[in-house]
Structure formats: C-alpha cells, structure tokens
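1. Here is a sequence with its predicted model. Questions after.
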Amino acid sequence: MAKKKSFVLYNDWKMQVDMLSNEEAGKLLKALYGFAVNGEVTDFSDRATFMVYSFLTAQIARDEKKYTEKCERNREIAAARTKKSKDETNANERYQTLPNVTDTDTDTDTDTDTDTEKDTDTETEIDADSDKETVTETEKAEESCREKVNSENNIESSENCTSDAENKPNTILGVPEDDYNKLCEKYGSEQTVRKILKMNWLIETGGDIGEKSKTEYLIGLLEAEKGSG
C-alpha cells in the first residue's frame, strides 16, 4: 500500500500552538513533519513544547490508522467486486459452450425407438421358429401313415376297422387284418390306430421293435397305456 501523502493540521490546535514562541512553534512544525512522514519521534527539552507535540502526534497516528483501515476495506471491496465479475463472465462462457440439450434428447429417443423395433422383430422370428418346432416328427409320420393307408386301402376313417372283411386287404396299416380287428374290439379303434401309427413311424425311422411280431409289440404298447390310465 502506498504511504499517505499528507496529514491534517486541525484548526482546534491553534490555541495550543499560540501558547508557544515562534521559535518553539517552528521546531514543533518540523517535528510533526518528521513524525508524519518518517515516523521519527522528537524529544523536546522544553516541557510545554513536548506536551503539545505529544498531543498532536497522537492525533496524527489515529488519523493514519483510520486511513489504513479504510484503504484495506476499499481493497477488499474492490477484490470482491472483481471476483464476482470474473465468476459471472466464466459462467456466461460456460453457458455459451454447453451442447444443445434438445438435439441430444431427440437423437437418444430416435436410437431407442429403432433398437426397440429391432428387438421386436427378433422376438417375432424366434416365436415363429418355436411354433414350427412344435410339430414333432411323430405327428408328421402319423399323418404320412394316414395318407398312405387312405390311398392304398380307400379307408375314410380309422373307425371302419370293423367293416366287411371281404372289402379289406389282408393287412391294415401293416398289421394282419384279424389281429387288427381283435385289437380294435379290445382296446378301441382310436387307441389301436394311434399305436399302429407310432409303431410304423418307429420302424420307418430305423427303430427296432425287437424279436416281437408287430401284433405282440402293439399289445405291449396298448397294455402299457391301459395300465398307466
């Protein structure tokens, strides 16, 4: 902080200064300048001059202290004002450099919708494949057997197994006609045909029914189902 360039000579001091001679007053004025400018303390041999000097220098010291405190307050106020101005400037600069929030949201929404549509398509395809897989090989084989039997034997329904023997071939679905009729009578035509179709599918796909005849194998299947029922 720059040193104060002046000090005050108050009008109230005139009465004390008038009590001194011109020579003493001159020495007092020089001593006051020495104190105010350089902080020098003068020791007067004259008691009256020293008393006036002490009184005046005390006031000069108080004025100097007030001046210093005022300068410090002004410096703090100026520093705070400068800092506030800088903060506002930086805030404005940051705001100007912020990305376009509206544009960012639009892009994000578009991407999300697109991904959702893709996921939906994928799930649809998977579901379609699953539906196709539900058609088992057994059902395909049974349908094939039914079509083959209907074409060769001209049978409209499996329930016609008790029709006139003269109009039927010697075998029905690969099973001797007599055995077929007996199985239908004992286990029912629907259950008998289902087991025959299952057996024929097993044979066509390379399966083995062992050393049993077809009739014996069928009886085993029908008895097992009957027992489980």
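-> Received, thanks. Numbering: from 1, shown residues only.

2. Look up how far F35 lies from K3.
-> Counting by Cβ to Cβ, to the nearest Å, the gap from K3 to F35 is 13 Å. C-beta: built from backbone N, CA, C; applies to glycine.

3. Counting neighbours, go ahead and name the busier of the two.
-> A count of neighbours by other Cβ atoms under 10 Å puts F35 above the other of K3 and F35, at 19 against 8.

4. what domains does the record give for the protein?
-> Structural domains of the chain, as assigned by automatic domain parsing, span the residue ranges 11-95, 100-134, 137-228.

5. Over the lengthiest helix in the chain, what's the mean pLDDT, rounded is fine.
-> Ranked by number of residues, the top helix in the chain under DSSP state H is helix 47-97. For helix 47-97, the mean pLDDT works out to 89.

6. what do you get for stretch 18-31?
-> What stretch 18-31 shows for mean pLDDT is 94.

7. contact partners of it?
-> Outside stretch 18-31, the residues within contact range by Cβ atoms under 8 Å, 6 or more residues apart in numbering are V17, E40, T42, F44, D46, A48, T49, V52, Y53, L56.

8. Output that stretch as CSV - backbone C-alpha positions only.
-> Provided in CSV are the C-alpha atoms of stretch 18-31 (Å, rounded to 0.1, in the frame of the first residue of the first chain):
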residue,chain,number,x,y,z
ASP,A,18,-0.3,30.1,20.0
MET,A,19,1.0,29.3,23.5
LEU,A,20,4.5,28.7,22.0
SER,A,21,7.0,31.2,20.8
ASN,A,22,7.7,31.4,17.1
GLU,A,23,11.0,29.5,17.6
GLU,A,24,9.2,26.7,19.5
ALA,A,25,6.4,26.6,17.1
GLY,A,26,8.8,26.3,14.2
LYS,A,27,10.6,23.4,15.9
LEU,A,28,7.2,21.8,16.6
LEU,A,29,6.2,22.0,12.9
LYS,A,30,9.4,20.4,11.8
ALA,A,31,9.0,17.6,14.4
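
9. what about the strands in the chain?
-> 171-172, 175-176 (DSSP state E).

10. show me what contacts the closest residue to W13 other than its chain neighbours?
-> Excluding the flanking residues, the one nearest W13 by Cβ to Cβ, 6 or more residues apart in numbering is L56, at 6.0 Å. By Cβ under 8 Å, 6+ apart, the contact list for L56 reads W13, Q16, L28, L32.

11. hang on, the earlier thing: and R81, which of the strands of the chain is closest to it?
-> Closest approach to R81 among these is made by strand 175-176 (109.8 Å; Cβ to Cβ).

12. In terms of secondary structure, what does that closest one contact?
-> helix 214-228 (3 or more Cβ pairs under 8 Å, 6 or more residues apart in numbering; DSSP states H and E).

13. Which strands or helices does the helix it packs on pack on?
-> Helix 214-228 packs on strand 175-176, helix 177-187, helix 189-204, going by 3+ Cβ pairs under 8 Å, 6+ apart.
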